[in-house]
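In: Fold the following, please.
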Amino acid sequence: MKKIALVIGINDYNHFDNLDNSRNDANDMHKFLEKNEFEVTPLFDLNKHDLENAINEYKQKIDNQTISVFYFSGHGLQLEQYNFLVSKDSEINTLEDIPYNSTNISSLFSDISDDVDFTHIVILDACRKTPFSTGLGKVTTGMGMDTPRKGTIIAYAAAPGKASIERKKERNGVFTKNLLKNIAIPNVNIEQVLKNTRTELLSDTNNKQTSWEESSLHDEFCFIVEDVAILEFQEIIEQFLGTADNPLLQKVLPFLQPKYFHELSLEHLHLALSLNIIAFEDEQEEKVQATIDPDYFQYDLLLERLTLFQTRIVNEDICENIIDNTILEQIEIINGINYGNNELLSAEDAFPHFMISQIKYDGSEGLLACFSSFIEGLHYIKPMIFLKNDTLQTICFKAMIGDRAVDFLKKFVELRKPFEEDTPNLMNVVEDVEISTREELWKFFNGDDTEDNN
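Out: Residues are numbered from 1 along each chain as shown. So this is what the prediction gives:
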């Protein structure tokens, strides 16, 4: 599918009032479309000859399965049922001047065969100010309605015959400002985008400006398409960024389901598994209420998912960033808690597991999460760092195998050793206590109030 766009903004006019925001509107639309994989031609302050040449070159690129966008920000006129774009050098003194000195919108649709199956999106943010005051009775500022050819939607900044509002203190015109906000929402089709834009435009202008559209679209089109799994996991990321509290297991457990497990990126899946382990161990430490059977989570669910995760890493990991073990010297473990195992297992005894620490690195807090397993009798690890900044910062490292993996694991285990839960040594306690009778021994273990049952 080919995606092309022609984006035009005209601020400076020879014979009409200059505009303040049209170049900004076109620049911002250009950036948005280019970011979303459109081949964009941005042009500014065009005369009529160059405008029409640009339109002709744009149309020549359209063929079957093309998604095409034409965006114009500037002055516009309506003469009877026809709409015209006003170029930099357009001079309109009589009704007869309009068809000759401005560009008919219908030229966007001419010379394209009806057999060509494409999606054509036309966005017209015109006109912002009354361009002249001549008393020409049949001329209206703003745009009227055109009959779009099949597969086309035409969006107007204002209702038929009405002008569009421009505010000097704002970067964009009010229509384009609200359009840019709504068009960037994933998984919303263009017709709904325009409806949402109209709702916000009415609110923004106290019901003074109503956007309008004409459509003959027969397929749905979204400028941004994101997997539902990604959108839902984004909520977990936002919670991770926005609070010092660990997530609850019931919030992160769904991302171990096959639907999400196979659709999340490796980086997001690495984080999802880490957060599940943290949440589960918080339940086991009774920091929060338990919600799941431990055996089911550890042996039926997690172990199977970790095995699948290892397969995905081996098949999909393309990260080439080699970790320097000195990075462990730059990391400060915070909160004094080790999540997951903290021992270097022999390759024969190793099983897929995580070693996770809450850390401070390079001025930011986050997680160092190291997936550890074995391949063909050799240790195999995949470390990643997730840092809490304005957005999630992920530092991906290349997986290691063999001696390099062992060397890293030894250093990581040593770094975590001060935070291991110590097993009390009863003999150290007993050393300084004199016990000479059975009764004294009984009282030592059971307290003075415990009866001797002999």
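In: doesn't residue 192 make contact with residue 220?
Out: No. Judged on Cβ atoms under 8 Å, residue 220 makes no contact with residue 192 at a distance of 9.2 Å. Where C-beta positions appear, they are placed from N, C-alpha and C, glycine not excepted.
In: Quick check on those two: which one has the bigger neighbour count.
Out: Neighbour count, other Cβ atoms under 10 Å: between residue 220 and residue 192, residue 192 has more, with 14 against 11.
In: Helix, strand, or coil at that one?
Out: Here residue 192 is recorded as helix under DSSP: H, G, I helix; E, B strand; the rest coil.
In: What score does it have for pLDDT?
Out: In the predicted model, residue 192 carries a pLDDT score of 93.
In: all helices of the protein, in order?
Out: Residue ranges of the helices in the chain, as given by DSSP state H, are 22-35, 48-60, 97-101, 174-183, 190-204, 228-242, 249-252, 258-261, 266-284, 294-295, 303-316, 403-416, 426-430, 438-446.
In: nearest to residue 114, of those helices?
Out: Each of the helices of the chain has some distance to residue 114 by Cβ to Cβ; the shortest is helix 48-60, at 13.9 Å.
In: Quick check: bridge partners of residue 394?
Out: Per DSSP bridges, the residues bridged to residue 394 are residue 386.
In: That one contacts residue 386, doesn't it?
Out: Yes. The pair formed by residue 394 and residue 386 meets the contact definition of Cβ under 8 Å, at 5.8 Å.
In: okay, these two: which has more neighbours?
Out: Neighbours per residue, other Cβ under 10 Å: of residue 394 and residue 386, the larger number sits with residue 386, 25 against 15.
In: so who does the more buried one touch?
Out: 240, 271, 274, 366, 367, 369, 392, 393, 394, 395 (Cβ atoms under 8 Å, 6 or more residues apart in numbering).
In: if you set the cut-off to 7 Å instead, what comes out?
Out: Contact partners of residue 386, counting by Cβ atoms under 7 Å, 6 or more residues apart in numbering, are 271, 366, 367, 369, 392, 394.
In: Just give me the neighbour total for the fifth one.
Out: By other Cβ under 10 Å, the residues close to residue 392 number 17.
In: excluding its backbone neighbours, what's nearest it?
Out: Here the nearest residue to residue 392 in space, its sequence neighbours aside, is residue 237; by Cβ to Cβ, 6 or more residues apart in numbering that works out to 5.1 Å.
In: So what's the gap between stretch 19-38 and the chain middle?
Out: Going by Cα atoms, centre = their mean, to the nearest Å, the spacing between the C-alpha centre of stretch 19-38 and its chain's C-alpha centre is 20 Å.
In: Can you show me the CA trace of stretch 305-312 as CSV?
Out: What follows is stretch 305-312, C-alpha atoms only, in CSV (Å, rounded to 0.1, in the frame of the first residue of the first chain):
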residue,chain,number,x,y,z
ARG,A,305,5.8,-18.9,29.7
LEU,A,306,9.5,-18.6,30.4
THR,A,307,10.2,-21.5,28.1
LEU,A,308,8.2,-19.8,25.4
PHE,A,309,9.9,-16.5,26.1
GLN,A,310,13.3,-18.1,25.7
THR,A,311,12.2,-19.4,22.3
ARG,A,312,11.1,-15.9,21.2
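In: can you list the residues that contact it?
Out: Identification of contacts with stretch 305-312 by Cβ under 7 Å, 6+ apart yields 256, 261, 266, 269, 273, 352, 353, 371, 373.
In: give me that answer again for 6 Å
Out: By Cβ atoms under 6 Å, 6 or more residues apart in numbering, the list of residues contacting stretch 305-312 from outside reads 256, 352, 373.
In: just to revisit the earlier point, wait, doesn't the residue nearest to residue 392 sit right on residue 394?
Out: No. Counting by Cβ atoms under 6 Å, residue 237 sits too far from residue 394 to count as a contact (10.0 Å).
In: Tell me which residues of stretch 391-406 come out buried.
Out: 392, 395, 396, 397, 399, 400, 401, 404, 405, 406 (16 or more other Cβ atoms under 10 Å).
In: again with stretch 187-204
Out: Buried residues in stretch 187-204, defined by neighbour count with 16+ other Cβ under 10 Å: 188, 190, 193, 194, 196, 197, 198, 200, 201, 204.
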